[in-house]
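**Q** What follows is a predicted structure for the sequence shown.
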Amino acid sequence: MISRFIPSALGALALTAAVVRAEDTVKVGVLHSLSGTMAISETSLRDVLLFTFDEINAAGGVMGKKIEPVVVDGASNWPLFAEKAKQLLDQDKVSVTFGCWTSVSRKSVLPVFEEKKGLLFYPVQYEGEEMSPNIFYTAEAVNQQATPAIDYLLAEGKKKFYLLGSDYVYPQTTNLVLLEYLLSKGVPLENIGGGFTKDGSGKIISAGKYTPFGHTDYQQIISEIKQFAASGDACIVSTLNGDTNVPFFKEYAAAGLTAESCPVISFSVSEDEFRGLPASQLVGQLGCWTYFESIKSPDNAKFIKNFQAWLSKSSVPGIVKEGRVTCSPMVLSYDGVYLWKAAVEKAKSFEVDKVMEALKSGISFDGPGGKVTTQANHHLTKNVFIGETRADGQFKILKEYKNVVGEPFLKGTYK
């Protein structure tokens with residue numbers, strides 16, 4: 001009797017301990033590309049999310065529960081993103097997921113989150129034209145990046161705009177929006193470079209030049225850009241994503257193009273990507289984001305200091321510790337976790353419907369880029385910055401737009 005009783009008692013105790021542990025934690029998904037062409041950008045988002053979870057856990061967690069991250073690798077493979085999303089929701093039973101970079105990866109997982117009633121926080125600039133009931137977009141919408149960038153360039157006297165991007169939905173949709181926007185600002189069609197595709201009725205259905213993910217040969221495109229820019233007052237509007245930026249900027253510099261002769265304004269190149277680029281050769285190039293590491297504020301200084309301290313002590317396998325910087329997608333990931341935490345606490349529940357209702361009611365967080373506030377349309381009100389690249393890979397802030405409301409369906413003009 002005793003020999004049978006002791007194991008069963010121990011088993012019951014072990015089971016009770018497991019239940020207690022489960023009740024003390026909340027599982028949270030991290031879905032990013034940790035390998036493949038997008039790893040150059042997305043690995044840093046994993047890192048900042050793990051840092052944020054640790055920071056929140058050290059302060060007591062979320063409604064008394066410690067965050068337990070479940071990290072999966074989308075591997076720059078868009079169908080795989082959907083499979084990993086199903087795993088997080090069905091097997092791991094996560095309460096929320098933070099993830100995706102490219103719009104094609106987000107669109108791959110969107111039906112999964114809608115079908116299974118999950119919640120995804122999406123942190124990276126995108127083309128708009130979407131508002132899923134199961135996605136909250138901390139990302140820059142078009143009117144928080146692309147159109148203010150065009151306004152800045154027009155004010156600087158630029159008259160010719162070459163549209164270049166990676167071959168997928170975000171650049172293609174953004175460039176169609178920018179085509180209409182440029183035309184509305186009086187820029188003639190012949191001053192918009194990159195080419196056009198028309199349907200049978202003559203309507204333009206594609207604008208700009210596109211290259212595949214991981215593309216390496218930009219010699220012909222740079223030659224075309226040089227000819228386009230020869231008359232002066234030209235610029236390049238780049239929506240290239242991932243490691244293809246490395247050969248593009250190297251070919252650009254090798255061809256003798258400069259920020260003075262034909263500046264590039266990039267929507268997917270932040271401080272983090274500049275770690276792999278010849279930044280000293282790209283001084284004066286432009287970026288438009290809702291955060292730059294160079295922002296002078298107590299909240300940003302604290303964020304940078306704490307993140308660097310976390311990196312120095314981190315035991316995450318393979319994590320890079322030297323030369324690390326912060327950037328807008330990282331901060332929008334960080335903001336997203338704190339907004340989710342605030343929404344859970346306001347709703348007094350981890351249930352997706354209740355959390356989303358709390359988010360839609362308007363929640364503010366004083367983040368590293370300034371105050372961000374949630375909107376009923378699942379986007380954020382936040383500040384927008386135009387920056388110029390310095391030799392150290394940081395940005396000199398040239399202009400700030402305060403409290404820009406996120407508009408996923410762009411109508412009218414940007415103000």
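**A** Perfect, thanks for sending it. The model shown is predicted, which means the values in this text are computed figures rather than measured ones. Numbering: from 1, shown residues only.
**Q** quick one, strands of the stretch 151-300 of the chain?
**A** 160-166, 192-193, 196-198, 204-207, 209-211, 234-239, 264-266, 286-289 (DSSP state E, counting those that start in this stretch).
**Q** For Leu45, which of the ones you listed is the nearest?
**A** The minimum distance between Leu45 and the strands of the stretch 151-300 of the chain falls on strand 286-289, with 14.3 Å, by Cβ to Cβ. Any C-beta I mention is one placed from the backbone N, CA and C, and that applies to glycine too.
**Q** got the contact list for the nearest residue to Gly208 once chain neighbours are set aside?
**A** For Gly208, ignoring the flanking residues on the chain, the nearest one in space by Cβ to Cβ, 6 or more residues apart in numbering is Leu163 at 3.3 Å. By Cβ atoms under 8 Å, 6 or more residues apart in numbering, the contact list for Leu163 reads 175, 178-179, 192-194, 207-209, 237, 239.
**Q** Format those residues as TSV; extra columns: pLDDT and neighbour count.
**A** Output for the contacts of Leu163, formatted as TSV (pLDDT from 0 to 100; neighbours: other Cβ atoms under 10 Å):
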residue	pLDDT	neighbour count
Asn175	95	26
Leu178	96	24
Leu179	96	21
Ile192	98	23
Gly193	97	23
Gly194	97	22
Ala207	96	23
Gly208	97	26
Lys209	97	18
Val237	98	28
Thr239	95	26
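**Q** Domain-wise, how is this protein divided?
**A** 10-141+297-320+328-382, 143-294+385-405 (automatic domain parsing).
**Q** distance between the shortest one and the chain's centre?
**A** Domain 143-294+385-405 sits 17 Å away from the centroid of its parent chain (Cα atoms, centre = their mean, to the nearest Å).
**Q** do the same with the first one
**A** The gap between where domain 10-141+297-320+328-382 is centred and where its chain is centred comes out at 12 Å by Cα atoms, centre = their mean.
**Q** Do a quick rundown of the helices in this protein.
**A** Applying DSSP state H to the chain gives helices spanning 2-23, 39-58, 78-86, 103-115, 146-155, 169-184, 219-229, 245-254, 271-274, 298-313, 328-347, 352-360.
**Q** Serialize the ones you listed to TSV and add fields for distance to Gln285.
**A** Shown next, in TSV, are these (distance: least, Cβ to Cβ, whole Å):
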stretch	distance to Gln285
helix 2-23	49
helix 39-58	17
helix 78-86	29
helix 103-115	23
helix 146-155	12
helix 169-184	18
helix 219-229	14
helix 245-254	8
helix 271-274	9
helix 298-313	22
helix 328-347	16
helix 352-360	35
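**Q** mind checking which of these is nearest Val264?
**A** Taking the helices of the chain one by one with Cβ to Cβ, helix 245-254 is closest: 7.1 Å.
**Q** Just the buried residues of that closest one, please?
**A** 245-253 (16 or more other Cβ atoms under 10 Å).
**Q** And the contacts of that helix?
**A** Under Cβ under 8 Å, 6+ apart, the answer for helix 245-254 is 215-219, 222, 225, 238, 240, 264, 266, 268-269, 273, 276-278, 281-282.
**Q** Same question for stretch 171-186.
**A** By Cβ under 8 Å, 6+ apart, stretch 171-186 touches 103, 127-129, 142, 146-147, 150, 154, 161, 163, 165, 189, 192, 194, 204-208, 210, 237, 239-241, 267, 410, 413-414.
**Q** Go again with 6 Å.
**A** By Cβ atoms under 6 Å, 6 or more residues apart in numbering, the residues outside stretch 171-186 that reach it are 127, 142, 146-147, 150, 163, 165, 192, 207-208, 239, 410.
**Q** now swap in stretch 203-210 and tell me
**A** Against stretch 203-210 from outside (Cβ under 6 Å, 6+ apart): 163-165, 167, 175-176, 179, 194-199.
**Q** Let's see that with 7 Å instead.
**A** Residues from elsewhere that reach stretch 203-210 (Cβ atoms under 7 Å, 6 or more residues apart in numbering): 163-167, 171-172, 175-176, 179, 192, 194-199, 221.
**Q** Narrow these to just the buried residues.
**A** By neighbour count, with 16+ other Cβ under 10 Å, the contacts of stretch 203-210 hold 163-166, 171-172, 175-176, 179, 192, 194, 221 as buried.
**Q** Show me the two of those residues that sit farthest apart.
**A** Leu176 and Ile221 (19.5 Å).
**Q** Roughly how far does Lys346 sit from Lys360?
**A** 11 Å (Cβ to Cβ, to the nearest Å).
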